[in-house]
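A.B. asks: I'd like to go over a predicted model; first the sequence, then the structure.
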Amino acid sequence: QVQLVESGGGLVQAGGSLRLSCAASGRTFSSYAMGWFRQAPGKEREFVAAISRTGGIRNYEDSVKGRFTISRDNAQNMVYLLMNSLKPEDTAVYYCAASLIITRAANDFHSWGQGTQVTVSS
């Protein structure tokens, strides 16, 4: 298990940018693939992006491709989500999660952060 804490959420106008951060505890961070998910009010949690253990593989949900970038720093036990060209439909609580495999399925992620709110105004 790994403990995860997200930060960096906030209120931003449409077209703006935010960078979310996720700090992981433990000495085995580089053993995990990492992902970002989001959940809007009244909707199910959905996959946003994932990155493999070394960062060589990155997957994105179609609606964020070209706008969001996931990255990680294994020396600092950090994973990031840079979000550009934000849209009101990106408004959600964003969660960081850890998995033993690179995957898009929420059920494959075993550790989750508490979430950080992102609100995009039109």
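C.D. replies: Done, it's in. Residues are numbered from 1 along each chain as shown.

A.B. asks: give me the distance from stretch 67-74 to the chain's centre.
C.D. replies: 8 Å (Cα atoms, centre = their mean, to the nearest Å).

A.B. asks: which parts of it are buried?
C.D. replies: For stretch 67-74, a neighbour-count test (16 or more other Cβ atoms under 10 Å) marks 68-70, 72 as buried. Bear in mind the C-beta positions are built from the backbone N, C-alpha and C, glycine included.

A.B. asks: do the same with stretch 79-90
C.D. replies: 79-81, 83, 86, 90.

A.B. asks: then that stretch to PDB, C-alphas only?
C.D. replies: Only the C-alpha atoms of stretch 79-90 are listed here, as PDB (Å, rounded to 0.1, in the frame of the first residue of the first chain):
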ATOM      1  CA  VAL A  79       3.100  12.400  -9.900                       C
ATOM      2  CA  TYR A  80       1.600  15.400 -11.700                       C
ATOM      3  CA  LEU A  81      -1.200  16.200 -14.000                       C
ATOM      4  CA  LEU A  82      -0.800  19.400 -16.100                       C
ATOM      5  CA  MET A  83      -4.100  20.500 -17.400                       C
ATOM      6  CA  ASN A  84      -4.200  23.100 -20.200                       C
ATOM      7  CA  SER A  85      -7.100  24.600 -22.200                       C
ATOM      8  CA  LEU A  86      -9.500  23.700 -19.400                       C
ATOM      9  CA  LYS A  87     -13.200  23.500 -20.100                       C
ATOM     10  CA  PRO A  88     -16.200  23.700 -17.800                       C
ATOM     11  CA  GLU A  89     -16.800  20.000 -18.400                       C
ATOM     12  CA  ASP A  90     -13.500  19.300 -16.800                       C
END
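
A.B. asks: tell me the mean pLDDT for it?
C.D. replies: Across stretch 79-90, pLDDT averages out at 98.
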